[in-house]
Every structure is written in C-alpha cells, then in structure tokens.
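Undergrad: Build me a model:
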Amino acid sequence: MSVASSETDTRERILQTARQIIVHRGYAASGLTEVLKEADVPKGSFYHYFPSKDAFGVALLRRYFDDYLTTMNRIIADRSKNGAERTMAYWQWFYDVQTSDDCQGQCLVVKLAAEVSDLSEAMRLQLQEGTSQIIDHIETLIASGIEDGSISADAVDTNERDLAQSLYDSWLGASVLAKVERAPGPLDRAMRGTRRLLLP
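TA: Modelled structure (predicted):
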C-alpha cells in the first residue's frame with residue numbers, strides 16, 4: 001500500500017470514527033483524544049491530517065453529505081419506481097435513519113446544526129451548502145413525479161423548490177421532536193402529511 005493510500009485510509013478512519021461518536025454526543029462533547037484512541041491513531045498525528053479542529057469539522061460534514069447524497073442519487077436513479085415512489089422511498093429512508101437508536105437518529109444536520117452554527121462559521125457554511133444540495137435532490141424527485149404524472153401538479157400549490165424546502169424543514173423539525181420525545185410520533189405525522197400532500 002502506498003503512503004498516500006495509507007494516509008487517506010487513516011484520515012477516513014478518523015472521520016468515520018468521529019461521526020459515530022459525535023452523532024451520539026455532539027461536537028463539543030466529543031474530545032479529539034477519544035476519537036483518536038477509538039480510531040487507533042496516535043494523538044500527535046491529528047494535525048497531520050487536519051490543520052485545525054474547524055477544518056476537521058468541515059471535513060466531517062463534507063464526508064457526511066457525500067455519503068447522504070450518494071444514497072439520494074441511488075434512489076433518484078432507480079427507474080423501477082415512478083417519481084412518486086422514488087420520492088416516498090427517500091422519505092422512508094429518512095424515517096428509518098431518524099427512528100433508529102431509540103429515535104436518536106444518525107443525522108448530523110439534526111445533531112449539529114444549532115450547536116456548531118454558533119461556534120464555527122466554516123462548519124455553518126458547510127451545513128448550508130450540504131442542506132441546499134439535499135433540497136436540490138428533493139426538488140429533482142418531486143419534479144420527476146410531476147413529469148411522469150405520479151405526483152399531481154394540481155396538488156402542488158407552489159414551485160418544486162419551495163415545496164422541497166418546506167418538506168425538508170418539516171422533517172428536520174419532526175426529527176428534533178422525535179429525539180425529545182424518544183418516540184417516532186412526530187416523524188409519523190411528517191410521513192402522513194407528506195403522503196397527503198404528494199400522493200393522488
């Protein structure tokens with residue numbers, strides 16, 4: 001294995017380990033010492049892979065959004081389903097992720113948005129960019145359903161972008177409330193509302 005490949009693997013291991021810890025504890029409460037110990041990386045080498053804790057946070061979010069959008073692209077590309085079915089497949093995936101682990105979920109946006117937006121402008125901007133890309137993908141799903149007739153254009157009383165934004169906003173809010181309640185009720189209501197809005 002080349003040195004460059006080994007360094008990439010180590011960097012990815014740090015990011016994956018950090019993600020598992022941070023999604024449960026938050027950013028500020030997750031110490032670098034714990035992350036590096038769990039990843040089996042010497043403490044002194046952290047700054048070889050990341051120039052600062054801010055840069056590490058940005059890289060963590062960038063990797064999260066890359067993985068998230070890869071899943072969304074797979075859903076969008078599934079031509080065995082019509083546009084409405086693909087759109088609802090995305091929301092079902094969102095639901096499954098957020099109801100995992102006693103409704104504590106695995107979404108770094110839900111976990112970190114309020115916390116890091118006040119701590120790090122670089123991380124806030126990465127969250128803004130990543131969530132904008134998610135909304136782009138939701139808009140694509142809705143538009144494909146309208147185009148193939150599986151989502152009624154009459155049922156959509158706004159443009160696809162605003163609808164995508166509104167749905168994502170409501171699901172993020174439902175995710176926060178599900179964490180508070182440790183129960184899927186808010187997400188169940190989001191799913192019912194989305195079905196009523198989108199499906200004929």
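
Undergrad: From the contact counts, what lies against the worst-scoring helix or strand of the chain on mean pLDDT?
TA: Least confident helix or strand of the chain, by mean pLDDT, DSSP states H and E, is helix 100-103 with a mean of 80. When contacts are defined as 3 or more C-beta pairs under 8 Å, 6 or more residues apart in numbering; DSSP states H and E, helix 100-103 packs onto helix 160-181. Any C-beta I mention is one placed from the backbone N, CA and C, and that applies to glycine too.

Undergrad: chain center to the helix it packs on, what's the gap?
TA: Centroid separation for helix 160-181 versus its chain: 12 Å, with C-alpha atoms, centre = their mean, to the nearest Å.

Undergrad: Mind listing what's buried along the helix or strand following it?
TA: Going down the chain from helix 160-181, the next helix or strand is helix 185-198, by DSSP states H and E. If you call a residue buried by 16 or more other C-beta atoms under 10 Å, then helix 185-198 has these buried ones: 186-187, 190-191, 194, 197-198.

Undergrad: Give me the most central residue, the chain.
TA: In the chain, the centroid-proximal residue (C-alpha atoms, centre = their mean) is Cys107; its distance is 4.9 Å.

Undergrad: Any chance of the backbone angles for that residue?
TA: Main-chain torsions, Cys107, degrees, to the nearest 10: phi -90, psi 120.

Undergrad: That one touches Gln98, doesn't it?
TA: Yes: counting by C-beta atoms under 8 Å, Gln98 is a contact partner of Cys107 at 6.2 Å.

Undergrad: Give the residues shared as contacts by the two.
TA: Counting by C-beta atoms under 8 Å, 6 or more residues apart in numbering, the common neighbours of Cys107 and Gln98 are Ser175.

Undergrad: Does Arg189 touch Ser175 like I think?
TA: No: assessed by C-beta under 8 Å, Arg189 is found out of contact with Ser175, at 11.8 Å.

Undergrad: Quick check: neighbours shared by those two?
TA: If you check Arg189 and Ser175 against C-beta under 8 Å, 6+ apart, no residue is contacted by both.

Undergrad: could you dump the buried residues of helix 185-198 to TSV with pLDDT and distance to Ile138?
TA: Listed next are these as TSV, based on pLDDT from 0 to 100; distance: C-beta to C-beta, whole Å:
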residue	pLDDT	distance to Ile138
Pro186	97	19
Leu187	97	16
Ala190	98	13
Met191	98	15
Thr194	96	10
Leu197	90	13
Leu198	92	11
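
Undergrad: closest to Lys81 among the residues you listed?
TA: Nearest to Lys81 among the buried residues of helix 185-198: Leu198, at 13.7 Å, using C-beta to C-beta.

Undergrad: Is the closest one in contact with Ala84, as I believe?
TA: Yes: applying C-beta under 8 Å, one finds Leu198 in contact with Ala84, separated by 6.3 Å.

Undergrad: which residues do the two both contact?
TA: By C-beta under 8 Å, 6+ apart, Leu198 and Ala84 have these common neighbours: 145, 151.

Undergrad: Now do the buried residues in whichever strand or helix holds Asp67.
TA: Asp67 is part of helix 53-77, with elements assigned from DSSP H and E. Within helix 53-77, the residues that count as buried by 16+ other C-beta under 10 Å are 56-61, 63-65, 68-69, 72, 75-76.
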